[in-house]
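**Student:** pasting a predicted model and its sequence here:
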Amino acid sequence: MIVGNIKDINGNIKPEIILKYLNYLKNNDFSKLVDGKHALEDDAFIIISSYETENPEVKKPEAHKKYIDIQFIIFGIEVIGHGLNIESEILEDYNEEKDIIFYKGILNENLLIMSKGM
């Protein structure tokens, strides 16, 4: 996991494809885009979502097989949970179309408070 503010991005991030899209986030204004899925290049896309933050206890841990998430806060604050040890109990089966699977919980979960630019 890489955690930081987008303004601090430099060329020391590998692989290059991650650096490419972090720079894309850094150099574009997403506050004017409408909610929804927006295609990029390299089979990549961004999803703009506006919502009220939920209590972390009601969020479901998720994982992906094809894509990775780059979480970026345009404005506001978001509390996310993360960890390396997802419990084995599946809450919702893998959805291939959405590339997502939900689990019951995360062992040794850590909470991260994200704010604008993170």
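**Tutor:** Yes, it's here. Numbers count the residues shown, from 1 in each chain.
**Student:** quick check: next helix or strand after the helix or strand containing Tyr21?
**Tutor:** In the assignment (DSSP states H and E), Tyr21 maps to helix 16-26. Using DSSP H and E, the helix or strand that follows helix 16-26 in sequence is strand 36-39.
**Student:** ok, and what's touching that next one?
**Tutor:** Residues outside strand 36-39 that contact it (Cβ atoms under 8 Å, 6 or more residues apart in numbering) are Phe45, Ile46, Ile47, Ile48. Glycine gets a C-beta too; all of them are placed from N, C-alpha and C.
**Student:** give me the buried entries from the residues you listed.
**Tutor:** Using 16 or more other Cβ atoms under 10 Å as the burial test, these include Ile46 as buried.
**Student:** tell me how far the helix holding Tyr21 lies from the chain's centre.
**Tutor:** 14 Å (Cα atoms, centre = their mean, to the nearest Å).
**Student:** what lies in contact with that helix?
**Tutor:** The contact list for helix 16-26 (Cβ under 8 Å, 6+ apart) reads Ile2, Ile6, Lys7, Ile9, Gly11, Ile13, Leu40, Asp42, Ala44, Ile70, Phe72.
**Student:** pick out the most distant pair among the residues you listed.
**Tutor:** The largest separation in those, counting by Cβ to Cβ, is between Lys7 and Asp42 at 24.0 Å.
**Student:** any idea how far His64 is from the residue nearest to the spatial centre of the chain?
**Tutor:** When Cα atoms, centre = their mean is applied to the chain, the residue found nearest the centroid is Gln71 (3.0 Å). Distance from Gln71 to His64, counting by Cβ to Cβ, to the nearest Å: 12 Å.
**Student:** would you map the strands across the chain?
**Tutor:** Assigned strands in the chain, in chain order: 36-39, 45-48, 62-63, 77-82, 85-86, 90-95, 100-103, 106-107, 110-115 (criterion: DSSP state E).
**Student:** the ones you listed: lowest mean pLDDT?
**Tutor:** Of all these, strand 85-86 carries the lowest average pLDDT, namely a mean of 71.
**Student:** before I go, just wanted to say thanks for your time.
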